[in-house]
Every structure is written in structure tokens, then in C-alpha cells.
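K.L.:
Dropping the sequence and predicted coords here.
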2 protein chains.
Amino acid sequence: MFSILFKSIDERVRLTDEEKESCKQFFIPRKLRRRQFLLQQGDVCRVNAFVERGLLRAFTVDEKGNEHIIQFAAEGWWISDLYSFLTGEISDYNIEALEDCELLLLSPSASEELLTAVPKFESYQRKLLQGAYIAMQRRITSSLKQTAEEKYLKVVEDYPHITQRVPQHMIASYLGITAETLSRIRKQLVQPDNPLI
Amino acid sequence: MFSILFKSIDERVRLTDEEKESCKQFFIPRKLRRRQFLLQQGDVCRVNAFVERGLLRAFTVDEKGNEHIIQFAAEGWWISDLYSFLTGEISDYNIEALEDCELLLLSPSASEELLTAVPKFESYQRKLLQGAYIAMQRRITSSLKQTAEEKYLKVVEDYPHITQRVPQHMIASYLGITAETLSRIRKQLVQPDNPLI
DNA sequence: CGATTTTTTGAATCATATCAACGTACGTGG
DNA sequence: CCACGTACGTTGATATGATTCAAAAAATCG
């Protein structure tokens, strides 16, 4: 159950076996079936989730009823609404399982206690956040300077393990374009003899 | 010279006066005149900069020669290309002073040594990154679900101290729209009797 | 297999970009 | 302190890329 988490940790900090053992008690294992929600818009986000198995999406619904996908999270990723999790304010986001999932959950209090019990976990978190921050910055850069077609090709190249597991209209939502537009972009790409897509 | 930095630290962690003193030696003070560059696209980002005074922008230039502003940084903010800073890869970003600046610079090695000398600095960094990550997430959400007009109103509301100090076309660039479009949006907003703008 | 979800296609519409011109403000050197 | 050059903002006309809405085709699920 903890194998992917320990792999994620090992890639960033050195924990002794005892430290790893004492980590375990702070996490609550949780299974989620496809289409179940971990968080609903309007609720407070009470968990920070690590994905051991499966795939989830975080999205928000605007006044017109359109969904906008903020993040996907597959094995080895964390997902939550960090703002709501840290402040206790209600969340604007939904988190839904796109596949059956096995998660490791951290409550706000467990999160704090874990940092006290295993100080090196702070370093792990800092490095995680650095990576996440860099990824976000790139996404913003991409949204500012790239065309829809370039953004699509980039996301397929950068996250093949996600794009292959997710319906096309969700990739469109992630890119900030409509499903119809993405369909037409792909048509263009396939026509000029492009077996890669 | 360190007053804004210590204020930033105090808001997030408790450092003793000795710890604060030992922090100082790792930073290199640096003044930058308006229009000077801290980083140029194609170079490696060798510093992480804290702004004691002044205002900077991070931007990237696309093939067509258009500038896209990724970030502004005023007093109390950090600015760098974290990816290039951490990996030593060349950067896609420029960092330019929009006003005369006083900065406190951290090199990659000083950054590591500081974490060893003052372990609580890791907690400060983690909390900084949490805040930055949340801000980025909101910007992405806003770019996905809001109209250009809504994005403009939000940035004016959220960052009045930035938007008041920066030419309008740079706000447009930050929002991912053209200067002409922003000009027309503002015209619309002012017409219907809106003294706020 | 039927039901549901997903993708594709077409036509009309809309928001924003582009290009070009002009007006304004700004600050810098003579 | 004025004049000039540069940067900034506005406006109009036109072009373009993406959206919307509707419907049909294709794929997937239970």
C-alpha cells in the first residue's frame, strides 16, 4: 500500500526504515471507486491525497455549467485543494476518481504531526512543491505563448500516461478549449500523414 | 536592507535573532536600475532574488517577438526561474527591473548552505512555495473559467499595488490579451458610469 | 445487446487578434 | 525650460480562430 509513496519520498530525501515506519500511522488508506468524489465544490477540503493507484481529476464548474479541469493526478501524485486544506475555507473545486483508486490520505492535523514526528518530511514537501510550482509556471507560460495545437501536442508529449487514459474532451477542458475544437485540431494533425497521434 | 526579508520570514516561521543574523551572510545585496536585467533568455538563472525595494517582471519572448509576462515581483516577493536555478539548464525567461530595485540574492550553493545553517529556513521556503503554488493554481483557474474582463477586474482587485505601478500593456501581457483588447475592455467598463477604474 | 458516453461534423456567431494610424504623456538633453 | 524622441494608449477596419448549438456517428460500458 505504501510502495509508491516511499518511492516518491526516496526520490527526494533519505529516510531511515524507522522513519518510514513512523510515517505510516499518519496516513489513512482509502479506496475510491470510479466516479466517486473525494471533494465537492462548496465543501471544505479535509484531506491531502497521495495516489497509490488510479487516476483522479480536480475541476471547477462555472456559472454556465461548464467544467474546467485544473489538474489530473495519477500514481505518485498528490491531489487536494491546498488552499481549502490549509485555511479551512470552502473549496471551489471538485476532486473525482476517473478510475478505481487507492489513496493515502493526510488530514490537516496529521499533516502537522507528521512534520513534527519526521522532520525530513518537510524537505520532501518542499521539493514536491518546488516541482509542482515549476510545472504550474510552465503551464501558464504555455497558455500565454502557445497555440491550442501546440498546447495539445505538448500535453500529449509530457503526460502520455495521462492523455492515454482520459477521454479527449477532458484534455480539451484541461487545455481550456472546447471538445469540438480539439476534435478539429486532431483532424488537422492526422490529415497531413501523422501516424503519431 | 534586510527589513522586508525578516518581515517575510516572521510571517511564516519563528527565527531567533541569532538565526536571523546567521542568515545574512548567505545573501548578496544587489541594486538594479530600471530597465536592467537580472536574467536573460538563453542564460542560466544563477540567483534567487528577494525584492527589498522596487518592482520586476519575468517574461518570455516567443518566435513572433511577442512578450508574455509570467510574473511581477514587488517588495516582499521572490523572483527567479526556479527550474533553471535548480537544474542549471538554460532559461526561457527574462527578468527585468521595472523600477530601481534593491535585491537580496541567493546563489544555488548559498541556498543549500543556508538550509544547513538555519534548518527552519526550509519551513519558510515550504510555506512560501505553498502560497506561490496556490496563487498559480488560482491564476490557471482564472485563465480557464473567466472572461478577459473578469480576469482584468480580478488582477486589479488582487494586486492594486502592482497594477497601479505598471503600464497597461504589461497587464494585458500578464493576462494573455493584447494591449488593444485591454484598452477596449477598460473603455466598456468606464462608459457605464464606473468611477472605480 | 441496449444505453450511455464520447467524438465528429456543419453552420452561424462571437471574442479577440492584427494592422495601421493617430493622440497623448513623459523625461532627457540641449 | 522647451523641444524632441520614445513609450504608451486609443480607435477603426478587417481577419481569424474558437465557440456555440444541433445532430449524427462511433465507441464503450454494464
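P.N.:
In hand now; what should we look at?
K.L.:
Now A:Ile134. Nearest residue, chain neighbours left out?
P.N.:
Leaving aside its sequence neighbours, A:Ile134 sits nearest to B:Tyr83 (CB to CB, 6 or more residues apart in numbering or on different chains; 4.7 Å). Every C-beta, even on glycine, is put in place using the N, C-alpha and C of the backbone.
K.L.:
so that neighbour is in which element?
P.N.:
helix B:82-87 (DSSP states H and E).
K.L.:
Give me the next element, helix or strand, following that helix.
P.N.:
Following helix B:82-87 toward the C-terminus (DSSP H and E): strand B:94-97.
K.L.:
is chain A contacted by that next one?
P.N.:
No. Strand B:94-97 stays clear of chain A (CB under 8 Å from any CB of the partner chain), getting no nearer than 12.3 Å.
K.L.:
So what touches the helix or strand following that strand?
P.N.:
As assigned by DSSP H and E, the chain's next helix or strand after strand B:94-97 is strand B:101-106. With contacts defined as CB atoms under 8 Å, 6 or more residues apart in numbering or on different chains, strand B:101-106 is touched by B:1-2, B:5, B:26-32, B:38, B:47-56, B:114.
K.L.:
Which stretches in chain A count as strands?
P.N.:
A:28-32, A:37-39, A:48-53, A:55-61, A:67-74, A:78-79, A:94-97, A:101-106 (DSSP state E).
K.L.:
Would you mind giving these as CSV with mean neighbour count added?
P.N.:
Shown next, in CSV, are those (neighbours: other CB atoms under 10 Å in any protein chain shown):
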stretch, mean neighbour count
strand A:28-32, 14
strand A:37-39, 19
strand A:48-53, 21
strand A:55-61, 20
strand A:67-74, 21
strand A:78-79, 22
strand A:94-97, 22
strand A:101-106, 21
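K.L.:
okay, those in TSV with distance to A:Tyr152 next?
P.N.:
Shown next, in TSV, are the strands of chain A (distance: least, CB to CB, whole Å):
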stretch	distance to A:Tyr152
strand A:28-32	29
strand A:37-39	27
strand A:48-53	24
strand A:55-61	17
strand A:67-74	14
strand A:78-79	23
strand A:94-97	23
strand A:101-106	26
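K.L.:
okay, the residue nearest to A:Ile134: pLDDT?
P.N.:
pLDDT for B:Tyr83: 97.
K.L.:
Contact partners for it?
P.N.:
A:Ile134, A:Gln137, A:Arg138, B:Cys45, B:Glu89, B:Ser91.
K.L.:
That one and A:Lys145, how far apart?
P.N.:
Remark: distance between B:Tyr83 and A:Lys145 (CB to CB, to the nearest Å) = 16 Å.
K.L.:
quick one: low-confidence parts of chain A?
P.N.:
Along chain A, the model assigns pLDDT under 70 to residues A:191-197.
K.L.:
now the contacts of B:Tyr83: which count as buried?
P.N.:
Taking 16 or more other CB atoms under 10 Å in any protein chain shown as the criterion, what is buried in the contacts of B:Tyr83 is A:Ile134, A:Gln137, B:Cys45, B:Ser91.
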